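**Student:** Quick check, what structure comes out for this input:
(chains A, B, C and D)
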Protein chains: 2
Amino acid sequence: MGLRERKKEQTRRAIEDAAFRLFAERGFQATTVADIAEAADVAPRTFFAYFPSKEDVLFADFDETSEALAARLRDRPTGESTFDALRGWITSVLPDLEADEPREALRHRLCSEYESIAAHERHLMARFETIIAESVAVDLGDAPSDLRPRMIAAAAIAALMAMRPDDPGAEELPAREKLQRLDEALEFLRGGVAVLQGADVPQR
Amino acid sequence: MGLRERKKEQTRRAIEDAAFRLFAERGFQATTVADIAEAADVAPRTFFAYFPSKEDVLFADFDETSEALAARLRDRPTGESTFDALRGWITSVLPDLEADEPREALRHRLCSEYESIAAHERHLMARFETIIAESVAVDLGDAPSDLRPRMIAAAAIAALMAMRPDDPGAEELPAREKLQRLDEALEFLRGGVAVLQGADVPQR
DNA sequence: GCGCAAAGTTGCAACCAATGCAGATTTGCG
DNA sequence: CGCAAATCTGCATTGGTTGCAACTTTGCGC
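**Tutor:** So this is what the prediction gives:
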C-alpha cells in the first residue's frame, strides 16, 4: 500500500476519532463539522471528501460490515442454512463489537437522543435486511421480493438489534447470555419457516 | 370547532397540498421550502410552525394513524389476538389508502429516490413496530422489551410495508389479493408463535 | 361594540450542513 | 527531474432550520 493510501487512511481515522471524541464530549448537535475538521487538522471542506454527511461518520464501518455479511452468506458451504451462517458470522463478529464498545455505546446513545441519527441507522439496517432476505430466499426457493424471506429477515434484524449493548432487555448481558438469546431467536425463525413450508402456502 | 382551529386546519392543508403538488412536479430536492410556502400563500417561516421539517410534510398523517392503531390494539375485545386486531385495522384502513393512492405512490417513489426520505419513513415505521410489539407482549405474557414480541412485530411491519402499492412483488395486486397476502403473513406469525410457545423457550 | 389576552403569522438575522468550482499541493512513476 | 493524477483547500453559494421580536387576528368577558 503506497504512501498515498496510507495517508488517506490516516486522515480518515483522524476525522473519525475527532468526531467521536467531540460527539461524546459535547453531543451531536453542539458539534459542527468545522469543529471536527479543526480537531482533525484538516479543512472543513475535506471532511466531505471522506464522509457524505455528518451522520455518516458515525456509521463509517457499516459499508464494510454489510459487505462482509453479504460475502459470508453468499459463500456459505452447501447445506449450511442462512440461519447457521448468520450465527457463525455473528459469533465471529462479537469480539470486535466488545472491543469497540465505547463507540457502540455512544452510537446507541445518540440514536435515542437524535431522531435523524436513529433514522439513519434504521436506513442502514434495511440494507442488512435485504442481504438476509436474499439469502433466505435462496434457501426457500422464493423470490427475494416475496413475503416470506422479507418477514424472516426483518425478524432476524430485530434480533440483531436487540443484541446490542444498552438495549432495553439486554443491558448487562455477558456474551454467553447473548448467544443464548441469539439461539432463541434463530429457533423462532426456524419454527416459523417450518410452519410455512409445511403449510404449503402459495407464494406469488 | 372555532374559526381559529378551522383556519389552522385549512392552512395545514394548503401547505400539504402545495408540497405534494410541487414534489410531484419538480421532485423533492428541486422544491424549496420557500417554494412550498409561496404556493400555499404563507410566509416561509410559517411552514415550520406546522411541520418540523421538509420531510415531515410527506408523513403528516403518520401521527394520527399510529395513534389510531395503538387505540385499536389497546381497546380490542378480550379474546381477540393482536393479529386479529391488526387484520381488522388494516382492512378498515385499506379503503383510505386506495383513495389516497397518488400520494401514497409519490411517497413511495420519493423513498426510493432519496435516502433521507427512506430513512425518515423507516424511523416512523419503528414507532408502529413498538406499538405492535407492546400488544403482542400482552398476548404472550412477555415484557415489551423481550425478544419474541419484537421479532414478531418486525415481521408484521415487513408484511405491512410489502402491501403498499408499487412494492416489488405486489405491483398490480387488487385489494382482494392483498388481503390474501396479509393472511399468509399472519399465518406465518401465528405459526412462529405456536412453535415458540410449544417449545417453552425461557425468556429473560 | 370594546378592549384585552392568547394564539397565530411574519420578517429578519443568523447558523450550519452540504456542494460546486478552481487553484494550490502532493504523490506516483517514468 | 518533470509530468499527470489524485488530494486538499479556500471561497462562494444554496437552502434547511431556528430564535426573536413585532404585528395581526381571534376568542371572550364586559
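
**Student:** A:A39 touches A:A18, doesn't it?
**Tutor:** Yes: with contact defined as CB atoms under 8 Å, A:A39 reaches A:A18; the gap is 3.8 Å. Every C-beta, even on glycine, is put in place using the N, C-alpha and C of the backbone.

**Student:** Does the closest residue to A:T65 other than its chain neighbours lie in a helix or a strand, and which?
**Tutor:** If the residues on either side of it in the chain are set aside, A:T65 comes closest to A:V93, at 7.7 Å by CB to CB, 6 or more residues apart in numbering or on different chains. Using DSSP states H and E, A:V93 maps to helix A:82-99.

**Student:** Is the lowest-mean-pLDDT helix or strand in chain A positioned near chain B?
**Tutor:** The weakest-scoring helix or strand in chain A, judged by mean pLDDT, DSSP states H and E, is helix A:175-199 (a mean of 79). Yes: using CB under 8 Å from any CB of the partner chain, we find that helix A:175-199 touches chain B at A:R181, A:E184, A:A185, A:E187, A:F188, A:L189, A:G191, A:G192, A:A194, A:V195, A:L196, A:A199.

**Student:** cool, and stretch A:104-113?
**Tutor:** No: using CB under 8 Å from any CB, stretch A:104-113 stays clear of chain B, coming no nearer than 10.1 Å.

**Student:** circling back to that earlier point, closest to B:R72 among the residues of helix A:175-199 next to chain B?
**Tutor:** A:G192 (24.5 Å; CB to CB).

**Student:** most surrounded residue in the residues of helix A:175-199 next to chain B?
**Tutor:** A:G192 (27 neighbours; other CB atoms under 10 Å in any protein chain shown).

**Student:** Okay, the residue nearest to that residue when sequence neighbours are not counted and B:L186: tell me how far apart.
**Tutor:** Closest residue in space to A:G192, ignoring its immediate chain neighbours: B:G192 at 3.4 Å, by CB to CB, 6+ apart. As judged by CB to CB, to the nearest Å, B:G192 and B:L186 stand 11 Å apart.

**Student:** A:D96 too?
**Tutor:** Separation of A:D96 from B:L186 (CB to CB) stands at 38 Å.

**Student:** Also A:F28?
**Tutor:** 39 Å.

**Student:** same question, A:I131
**Tutor:** Distance, A:I131 to B:L186, by CB to CB: 26 Å.

**Student:** just A:P77 next, same as before
**Tutor:** 35 Å.

**Student:** Looking at those two, which has the bigger crowd around it?
**Tutor:** Between A:P77 and B:L186, counted using other CB under 10 Å, the more crowded position is B:L186 (19 against 7).

**Student:** so what's the nearest residue to A:P168 once chain neighbours are set aside scoring on pLDDT?
**Tutor:** Distances taken as CB to CB, 6+ apart place B:S145 nearest to A:P168, at 4.2 Å, with adjacent residues excluded. In this model, B:S145 is scored at 91, pLDDT.

**Student:** Provide the secondary structure category for B:S145.
**Tutor:** Following DSSP: H, G, I helix; E, B strand; the rest coil, the label given to B:S145 is coil.

**Student:** if we can go back for a sec, and whatever helix or strand comes next after the helix holding A:V93, how far out from the chain's middle?
**Tutor:** Using DSSP H and E, the next helix or strand after helix A:82-99 towards the C-terminus is helix A:101-113. With CA atoms, centre = their mean, to the nearest Å as the basis, helix A:101-113 stands 13 Å off its chain's centre.

**Student:** Buried residues in helix A:101-113, which are they?
**Tutor:** A:R103, A:E104, A:L106, A:R107, A:H108, A:R109, A:L110, A:C111 (16 or more other CB atoms under 10 Å in any protein chain shown).

**Student:** From the residues you listed, pick the one nearest chain B.
**Tutor:** Of all these, chain B sits closest to A:C111, with 10.1 Å by CB to the nearest CB.

**Student:** List the residues that contact the closest one.
**Tutor:** A:I117, A:A118, A:E121 (CB atoms under 8 Å, 6 or more residues apart in numbering or on different chains).
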